[in-house]
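K.L.:
Just the structure for this:
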Amino acid sequence: MLMDIESFSLVDYPGHIAATIFFGGCNFRCGYCQNPILVKVEEKSRTSPSDVIDFLKTRKGLLDGVCFTGGEPLMSPDLPPLVLAIKGLGYKIKLDTNGSQLEKLREIASNLDYIAIDIKADPEKYDRLTGCKNSWERVNQTIEWVKKSGIFYEFRTTVMPFWHTFEDLTKIRVLLGKETPWVLQQFRQPPQGVLDGKPYESYPDSWLKEAGQKLNCQVRGLH
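P.N.:
Next up, the predicted model:
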């Protein structure tokens, strides 16, 4: 479900000035998710496809691209026609996804310029973390397809002690390949809380920075 649009972002689409479009609904139930309102769709939509298109028509030449995020955008029937219409306006398009919806991804892939896939954890922990049976098998299929797709991509993992030891991260690096673009993101407990309401802790910035160096990863979110 299309929920809202942020008119300006310098961080959601690396190297581009972008608008960010938010979708509600997600098949995963990651406890540390910082967008519980979007996952549970607890609020009414604040925009519509026609409003989004009208807005973007006024920003041509001012914005480089559009980032679709959520929730899980690929679950929304609003996504494919929006992607097509926005691409027709000349914008570059980035998709944030949990990687569980390969068939839907393939349907819109020809209009995507950048794909970012969240790698939640070591495969052995995936079903427990996501609350979704066989979730790693589905994500792994998407990983392999994206790596061969010819579309710019990155994989990223939000790191915290509760779910990620350095050994876990090393396993993920081996699975992805040592030269595959992979970003480690620092976890920050948001003031509004997370999906399951638990007080998750973060690793020290120094720990995450060192882990990134050892694993050949970019690191984001450090103070």
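
K.L.:
distance between the helix or strand containing residue 208 and the chain's centre?
P.N.:
Assigning secondary structure by DSSP states H and E places residue 208 in helix 205-215. Offset of helix 205-215 from its chain centre (CA atoms, centre = their mean, to the nearest Å): 21 Å.

K.L.:
Can you give the contact residues for the helix or strand of the chain with the lowest mean pLDDT?
P.N.:
One helix or strand of the chain scores below all others by mean pLDDT, DSSP states H and E: helix 36-40, with a mean of 85. Helix 36-40 is contacted from outside by 3, 22-26, 28-29, 33, 42-43, 70-71, 193-195, using CB atoms under 8 Å, 6 or more residues apart in numbering. Where C-beta positions appear, they are placed from N, C-alpha and C, glycine not excepted.

K.L.:
ok, now which ones touch the nearest residue to residue 72 once chain neighbours are set aside?
P.N.:
In space, and not counting its chain neighbours, residue 72 is closest to residue 26: 4.3 Å by CB to CB, 6 or more residues apart in numbering. Contact analysis of residue 26 by CB under 8 Å, 6+ apart lists 33, 38-39, 70-72, 75, 98.

K.L.:
By neighbours, which of the residues you listed wins?
P.N.:
With neighbours taken as other CB atoms under 10 Å, the top of these is residue 71, carrying 27 neighbours.

K.L.:
all strands for this structure, in order.
P.N.:
Remark: strands assigned in the chain by DSSP state E are 2-9, 18-23, 65-69, 92-97, 114-118, 152-159, 182-186, 218-220.

K.L.:
And those: which comes nearest residue 50?
P.N.:
strand 2-9 (10.5 Å; CB to CB).

K.L.:
who touches residue 206 in this structure?
P.N.:
No residues are in contact with residue 206 under the rule CB under 8 Å, 6+ apart.

K.L.:
about what we covered before: looking at the contacts of helix 36-40, which is nearest residue 158?
P.N.:
So of the contacts of helix 36-40, ranked by how close each gets to residue 158 (CB to CB), first place is residue 33, at 9.4 Å.

K.L.:
for the closest residue to that closest one other than its chain neighbours, what are its contacts?
P.N.:
In this structure, residue 33 finds its nearest non-sequential neighbour in residue 195, 4.2 Å apart by CB to CB, 6+ apart. Residues in contact with residue 195 (CB under 8 Å, 6+ apart) are 29-33, 36, 39.

K.L.:
Could you identify the longest helix within the chain?
P.N.:
helix 135-147 (DSSP state H).

K.L.:
CA atoms of that helix as PDB?
P.N.:
Taking C-alpha atoms only, helix 135-147 is exported to PDB below (Å, rounded to 0.1, in the frame of the first residue of the first chain):
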ATOM      1  CA  SER A 135      12.800 -17.000   4.300                       C
ATOM      2  CA  TRP A 136      16.500 -17.500   3.600                       C
ATOM      3  CA  GLU A 137      15.900 -19.800   0.700                       C
ATOM      4  CA  ARG A 138      13.800 -17.100  -1.000                       C
ATOM      5  CA  VAL A 139      16.200 -14.400  -0.300                       C
ATOM      6  CA  ASN A 140      19.200 -16.400  -1.500                       C
ATOM      7  CA  GLN A 141      17.500 -17.000  -4.800                       C
ATOM      8  CA  THR A 142      17.100 -13.200  -5.200                       C
ATOM      9  CA  ILE A 143      20.700 -12.600  -4.200                       C
ATOM     10  CA  GLU A 144      21.900 -14.900  -7.000                       C
ATOM     11  CA  TRP A 145      19.600 -13.400  -9.600                       C
ATOM     12  CA  VAL A 146      20.500  -9.800  -8.700                       C
ATOM     13  CA  LYS A 147      24.200 -10.500  -8.900                       C
END
